[in-house]
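Student: sharing a model prediction with you, sequence too.
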Amino acid sequence: MRVLLKATLDTEKANEAIRSGKLPELINRTLDHIKPEAAYFGPLGGRRTALMVFDMQDSSELPPTGEPFFTELNAEVEVSPIMNADDLRKGLSQLAG
C-alpha cells in the first residue's frame with residue numbers, strides 16, 4: 001500500500017542533529033531503508049518536515065521506519081494511506097454500477 005510519512009522534527013533535537021552531523025545520516029538511512037518513490041524536505045508550519053511516499057507491504061514495517069524520527073529527533077510522525085491518480089481512477093471505477 002502506498003503511504004505518506006510526514007515527520008515534523010523537534011527544532012532543538014534537529015539543531016543538535018545538524019550540529020553533530022547525525023541528521024544527514026538518519027535521513028540517508030531512512031531513504032535507503034524505505035526506498036521512497038518521492039521524498040521532500042522543507043518547513044511546514046514553521047518546523048522542519050520530511051514527507052516521504054513509499055510502498056508499505058506490511059504494517060510491521062512501521063516501527064523501523066518511524067522510530068528513528070521519534071527516538072533521535074523527538075518528531076511528530078504521521079503515516080497515511082494515499083493514492084496517485086491511477087489508484088484513484090481504479091478505485092472510483094469500482095464504485096460505478
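Tutor: Alright, I've got the coordinates.
Student: below-threshold pLDDT in the chain: ranges please.
Tutor: Confidence mapping of the chain against pLDDT under 70 gives the ranges 97.
Student: Met52 and Thr11, how far apart?
Tutor: Computed as Cβ to Cβ, to the nearest Å, the Met52 to Thr11 distance reads 20 Å. Any C-beta I mention is one placed from the backbone N, CA and C, and that applies to glycine too.
Student: may I see the buried residues of the longest strand seen in the chain?
Tutor: As assigned by DSSP state E, the longest strand anywhere in the chain is strand 47-55. For strand 47-55, a neighbour-count test (16 or more other Cβ atoms under 10 Å) marks Arg48, Thr49, Ala50, Leu51, Met52, Val53, Phe54 as buried.
Student: is Ala7 in a helix, a strand, or coil?
Tutor: Here Ala7 is recorded as strand under DSSP: H, G, I helix; E, B strand; the rest coil.
Student: that one pairs with what?
Tutor: Ala50, Val77 (DSSP bridges).
Student: so it touches Asn74, yeah?
Tutor: No. Judged on Cβ atoms under 8 Å, Ala7 makes no contact with Asn74 at a distance of 10.6 Å.
Student: of the two, which one has the most company?
Tutor: Legend: neighbour count by other Cβ atoms under 10 Å for Ala7 and Asn74, higher for Ala7 (23 against 14).
Student: separation between the more buried one and Ala39?
Tutor: Plainly put, Ala7 is 11 Å away from Ala39 if you go by Cβ to Cβ.
Student: so what sits against both of the two?
Tutor: Overlap of the contact sets of Ala7 and Ala39 (by Cβ atoms under 8 Å, 6 or more residues apart in numbering) consists of Ala50, Met52.
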